[in-house]
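J.: give the three-dimensional model of this entry:
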Amino acid sequence: MRRDLLQLAVFVVAAALLTLFAQSGALLNLVMMALYGALMAQAWNLLGGYGGQFSFGHALFFGTGAYVQAIAQVQGHLNPWLALLLAVAAAAAVGLGVGALSFRYGLRGSYFALVTLAFAEVFRILALSVPFTGAGVGLMVPLQAGAANMQFADKRGFAWLALALLALAQLLTVWLRHSRFGARLQAVRDNEDAARAIGVDPFRVKLGAIVLSGGLMGAGGAFYVQVFQYLDPGIAYGAHTSVEALVAAIVGGLGTLWGPVLGAVALHILGDLTRNLFGALPGINMVIYGVVLVVIVMFAPRGLLGVGQSVRHLWRRATGPAPGAAAAPEDARG
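T.: Take a look at the predicted model:
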């Protein structure tokens, strides 16, 4: 745990310094969006990577958090910082409800993935139908510049906010990696029947994981609302958000601390390059995501982080001591 916390501290300092000294608006936007993407990828990774419960509908939690954040300000006149807490709680509560319904009846694998996708679509249709969400018109959050209203003068403030949220997600992941709950969750992922045989309750463990994952995804939705100040059902519950979260986690490396961060950074850099080269082609980013995902699954199933680990392992084997050199100290002691 000490090493993980040290790595996290170094990452936070490096990202904060990059944000502080960045002079280009394009670079600031890239940093902000990469940190935001890493937050969503880590939220998905808690359930899909560590828990083995693949979700195709994480936009369900994103949209819930985003709508609570917007409605609390527009109709409830609530301070955005308090609204953020409500958004996280509401998304976690939706996760609790979906998890209770899904895991109680033993849904897993493709069945669970399709259920989450169906719930996201149901919530999208509901948001199109009820008046307090703005229906198809959407909601516009009023501009009230100032840190007290979570609306900053430039993207540097939003980048720091995204970094703070990501740091909390990383701390939660560090705890998960080294806690008894995390060990139980990974045991359920590896073999649910074997975990049940040694006294682990898969229902409670998976339910806890989806609550944590949903809450973090809701924080991502709240952040989106504060940055772009507009929300409609297509943005809130659209498939793009779910795809971005799961692809970044898979590309970076499932069930790891830094894989989702690496995947999100790589995809956002690739996305910026794609927009600069093929900006006239709508939807090209989704095509690129699909191609990258297929390539990673075929040639690097452990993700980009797994490629780095494999290279380091091969390097250590290539540069290790010769067999005769290893035997010399024992001969001398003998």
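J.: and the longest helix for the protein?
T.: When the chain is parsed with DSSP state H, its longest helix is helix 202-228.
J.: what is it packed up against?
T.: helix 25-48, helix 59-74, helix 80-104, helix 155-178, helix 180-190, helix 192-197 (3 or more CB pairs under 8 Å, 6 or more residues apart in numbering; DSSP states H and E). For every residue, glycine as well, the C-beta is placed using N, CA and C.
J.: and the fourth one with helix 25-48, angle?
T.: Here the directions of helix 155-178 and helix 25-48 differ by 20 degrees (axes from the mean of the first three to the mean of the last three CA atoms, to 10 degrees).
J.: by contact count, what packs against helix 155-178?
T.: Against helix 155-178 (3+ CB pairs under 8 Å, 6+ apart) you get helix 2-21, helix 25-48, helix 180-190, helix 202-228.
J.: what strands flank the next helix or strand along the chain from the longest helix of the chain, and is each parallel or antiparallel?
T.: Downstream of helix 202-228, the next assigned helix or strand under DSSP states H and E is strand 230-231. Looking at strand 230-231 with DSSP bridges, its partner strands are strand 139-140 (antiparallel).
J.: burial of D201, as a residue count?
T.: A count of nearby residues for D201, using other CB atoms under 10 Å, gives 12.
J.: again with the one 4 residues further on
T.: One way to gauge burial is a neighbour count; for V205, by other CB under 10 Å, it gives 22.
J.: looking at the helices and strands packed on helix 202-228, which is buried most?
T.: Greatest average neighbour count among the helices and strands packed on helix 202-228 goes to helix 59-74 (a mean of 28), per mean count of other CB atoms under 10 Å.
J.: using TSV, lay out the helices and strands packed on helix 202-228 together with distance to M217.
T.: Formatted as TSV, those follow (distance: least, CB to CB, whole Å):
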stretch	distance to M217
helix 25-48	4
helix 59-74	4
helix 80-104	6
helix 155-178	10
helix 180-190	17
helix 192-197	23
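J.: what's the closest of those helices to Q226?
T.: Comparing these by their distance to Q226 (CB to CB), the top pick is helix 80-104, with 6.3 Å.
J.: can you check what angle separates that closest one from helix 59-74?
T.: Going by the same axes, to 10 degrees, helix 80-104 makes 150 degrees with helix 59-74.
J.: I'd like to know which elements helix 80-104 is packed against.
T.: helix 59-74, helix 110-129, helix 202-228.
J.: and the second one, how far from the chain's centre?
T.: When C-alpha coordinates are averaged (CA atoms, centre = their mean, to the nearest Å), helix 110-129 and its chain have centres 19 Å apart.
J.: which of the residues in that helix are classified as buried?
T.: 112-113, 115-117, 119-121, 123-124, 127-128 (16 or more other CB atoms under 10 Å).
J.: will you turn the helices and strands packed on helix 80-104 into CSV that also has mean pLDDT?
T.: Compiled in CSV, these are given as follows (pLDDT from 0 to 100):
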stretch, mean pLDDT
helix 59-74, 95
helix 110-129, 94
helix 202-228, 96
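J.: okay if I get the ones you listed as CSV plus distance to G252?
T.: Shown next, in CSV, are the helices and strands packed on helix 80-104 (distance: least, CB to CB, whole Å):
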stretch, distance to G252
helix 59-74, 19
helix 110-129, 19
helix 202-228, 16
